[in-house]
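>>> need a structure here:
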Amino acid sequence: MGENIKIHFLGAAGTVTGSKFLLETSELNILIDCGLFQGIKSLRELNWKDFPFNPTSIDIILLTHGHLDHTGYLPRLVKQGYRNPILGTPPTLGITEIILKDSAKIQEEDAERANNETYSKHQPALPLYTTPDAEKTINLFESINLNEWYQLSKNIKYRYQANGHILGSSFIELDIFNKRFVFSGDIGRKKNLLLDPPSKPEKADYLFLESTYGDRLHPNDKSDEILTKAIKETLSNKGSLIIPSFAVERLQGIMYKIYLLAREKKIPKIAIYIDSPMGNKILGLFYSFAEWHKLSTNEMKDMLSYFNIITSYRDTWKTIDEKHPKIVIAGSGMVTGGRVLTYLRYLIDKPQTTVLLVGYQAEGTRGRQLENGAAEVKIFGKYCPVKAKILKVESLSAHADQEELLDWLSSIKNNPRKIFLTHGEPTALDSLRVKIKDLYNSELVIPNLYDITSLKL
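Just a heads-up that it's a prediction; the model follows:
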């Protein structure tokens, strides 16, 4: 009798965010990632629903990396009864701790603001989870090593390998009753300023592959030239260059890129502010986990001397009020929350302001609205006219493009039985499906949210 495994697609199925994949086996129930849904309202509202599987029946959670859309639902799951280990690499757990505390604080502050300003239809508005919920979650963390097999039960073992997306990120291999299940996580770029290229799997019977950029190649959009031109125009216009940035990896990568341009005298001297409390903490992890990235400690210290690090909200207001030309790098990357909203609330209606988008903008986010040329955006309950110049740089993405995704598959020696395409919007999923179909004689599946697939091993 063969073993029957059920795969529950509880997130990142037919959409990019909310990554959650549950493996239901006769020995263990294993959850891969536990992320928040982001983007359009109908997706965000899913975060408020009870988890569709009994959290107390999950035996273990394996995290691919620390981004919010892969970890941000954890405190909500703990609130519903989960009490078992949460595993990841040391940097992943460090990032996740920072992100969960920040997420809880933002949700508490958003609920308080909504109640004070009475712009929520919920009376009272409540946070999705609180700081104590996040603390209970962090107490369940257990770190693992890369490239080492760990036995979970008699017939189940797992291994992590680096995949070059962010600090500590990995893909996960699970051997379940002698069949290899591979969860790609988010795959990084072959050429990355900060990280080594992704490792590649050599075997996969069942592959779960992210498809964020499955329908495109990253353009060689000469990011240095775009950045240099934007900085020079900001000086000339006596304006502000605002760069909404993800706190993890993207902020550090942009800092390093600007540092190199400044060090090589390719850009004029200009005041540069880093306003991301979470980003500042991630910078600390770059010091703590120096062996996980390419920068030396001396280079990091020199880089930081070029920037003004904002630590208090009072300094945020002072920076907004300053009349001299400036660059502000602030969270969040998709303009969904964080300090960047305060800057945009008061500066996006000025023609001398430039907003530079430097990453993926999910459907339904303010970042996507700006990318699509919105005439106004809603910030803190008020509509703000968009008079600022909006620029986009795609080549800084931390996600592999279609060509790099296919290259990542190239070392798999066997022919996978099934390849499940996840973590992508419909056009990206279908484009990647067509490409893979030409290369592999595998069954290709694009699961829908909450699909349950039974596999007979």
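
>>> neighbours around Ala400, how many?
Per other Cβ atoms under 10 Å, the neighbour tally for Ala400 reads 27. All C-beta spots, glycine's among them, are computed from the backbone N, C-alpha and C.

>>> mind listing what it touches?
187-190, 198, 213, 407-408 (Cβ atoms under 8 Å, 6 or more residues apart in numbering).

>>> ok, Cys384 next?
344-345, 348-349, 376-378.

>>> coming back round to it: of the contacts of Ala400, which is the most crowded?
The contacts of Ala400, ranked by neighbours (other Cβ under 10 Å): first place Ile187, 28 neighbours.

>>> spatially nearest residue to that one (excluding sequence neighbours)?
Ala400 (4.2 Å; Cβ to Cβ, 6 or more residues apart in numbering).

>>> would you map the strands across the stretch 351-457 of the chain?
Taking DSSP state E, counting those that start in this stretch as the test, the strands found in the stretch 351-457 of the chain are 353-357, 376-379, 382-385, 389-392, 418-422, 443-445, 452-456.

>>> same check on the stretch 201-350 of the chain?
206-210, 240-244, 271-275, 308-309, 326-330.

>>> show me what the last one is in contact with.
Under the criterion Cβ under 8 Å, 6+ apart, residues 231, 234, 240-245, 251, 254-255, 258, 270-276, 279, 319, 338-340, 343 lie in contact with strand 326-330.

>>> please repeat the previous calculation with a cut-off of 6 Å.
240-243, 245, 254, 271-276, 339-340, 343 (Cβ atoms under 6 Å, 6 or more residues apart in numbering).

>>> tell me how many other residues crowd Lys105.
So Lys105, with other Cβ under 10 Å, has 16 neighbours.

>>> check which helix or strand it maps to.
Remark: Lys105 resides in helix 90-117, with elements defined by DSSP states H and E.

>>> this structure: helices as residue ranges?
41-44, 68-71, 74-79, 90-117, 131-138, 223-237, 250-263, 277-288, 297-304, 313-321, 340-347, 366-371, 402-409, 426-437 (DSSP state H).

>>> distance from the chain centre to the fifth one, please.
The chain centroid and the centroid of helix 131-138 are separated by 20 Å under Cα atoms, centre = their mean, to the nearest Å.

>>> and what of the longest one?
Distance of helix 90-117 from the chain centroid (Cα atoms, centre = their mean) equals 15 Å.

>>> equivalent analysis for the third one, please.
Put simply, helix 74-79 sits 19 Å off its chain's centre (Cα atoms, centre = their mean).

>>> show me what that helix is in contact with.
Taking Cβ under 6 Å, 6+ apart as the rule, helix 74-79 contacts 34, 51, 55, 100, 129, 133-134, 136-137.

>>> okay, now Asn372: neighbour count?
Neighbour tally, Asn372, other Cβ under 10 Å: 10.

>>> sorry, wrong one. I was asking about Glu264.
Neighbours around Glu264, by other Cβ under 10 Å: 9.

>>> quick one, phi/psi of it?
Backbone geometry at Glu264, expressed as degrees, to the nearest 10, gives phi -90, psi 10.

>>> how near is it to Lys326?
21 Å (Cβ to Cβ, to the nearest Å).

>>> again, but for Ile5
Taking Cβ to Cβ, one finds Ile5 at 55 Å from Lys326.

>>> nearest to Ser332 among the contacts of Cys384?
Nearest to Ser332 among the contacts of Cys384 is Leu344, at 11.2 Å by Cβ to Cβ.

>>> for the closest one, give me the pLDDT.
Per-residue pLDDT puts Leu344 at 97.

>>> for it, which non-adjacent residue is closest in space?
Nearest to Leu344 is Ile379, by Cβ to Cβ, 6+ apart, at 6.1 Å.

>>> tell me what the one you found is bridged to.
Beta-bridge pairing of Ile379 under DSSP bridges involves Lys382.

>>> oh, and call the first residue 54 from now on, that's how I've got it
Understood, numbering begins at 54; the last thing we discussed is Ile432.

>>> neighbours of it, how many?
Neighbour number of Ile432 under other Cβ under 10 Å is 18.

>>> got a pLDDT number for it?
Ile432 carries a pLDDT value of 95.

>>> need the max-distance pair from the contacts of Cys437.
Asp402 and Lys431 (13.2 Å).

>>> need the overlap of contacts for those two.
Joint contacts of Asp402 and Lys431 (Cβ under 6 Å, 6+ apart) do not exist.

>>> how many neighbours does Asn231 have?
9.

>>> typo on my end, it should be Gln405
The burial count for Gln405: 17, using other Cβ under 10 Å.

>>> isn't it right next to Thr287, touching?
No. Using Cβ atoms under 6 Å as the test, Gln405 is too far from Thr287 to be in contact (7.9 Å).

>>> what's the separation between the residue nearest to the spatial centre of the chain and Gly267?
Note on the chain: the residue nearest the mean C-alpha position is His120, at 3.9 Å, using Cα atoms, centre = their mean. According to Cβ to Cβ, His120 stands 18 Å off from Gly267.

>>> need the contact list for Ala427.
Here Ala427 is in contact with Val439 (Cβ under 6 Å, 6+ apart).

>>> buried ones in stretch 230-238?
Neighbour counts over stretch 230-238 (16 or more other Cβ atoms under 10 Å) mark 232-238 as buried.

>>> can you list contacts of it?
56, 85, 117-118, 208, 216, 222, 224-227, 254, 256-263, 510.

>>> pull stretch 327-340 out as CSV, backbone CA atoms only.
Extracted as CSV, the C-alpha positions of stretch 327-340 are listed here (Å, rounded to 0.1, in the frame of the first residue of the first chain):
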residue,chain,number,x,y,z
ILE,A,327,17.4,56.2,6.0
ASP,A,328,14.1,56.2,7.8
SER,A,329,13.2,52.6,8.5
PRO,A,330,13.4,51.4,12.1
MET,A,331,13.1,47.8,10.9
GLY,A,332,15.7,48.4,8.2
ASN,A,333,18.1,49.7,10.8
LYS,A,334,17.7,46.5,12.8
ILE,A,335,18.3,44.4,9.7
LEU,A,336,21.6,46.3,9.2
GLY,A,337,22.5,45.0,12.6
LEU,A,338,21.9,41.4,11.4
PHE,A,339,24.3,42.1,8.5
TYR,A,340,27.0,42.6,11.2
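
>>> pull out the buried residues from that stretch.
Buried residues in stretch 327-340 (16+ other Cβ under 10 Å): 327-336, 338-339.
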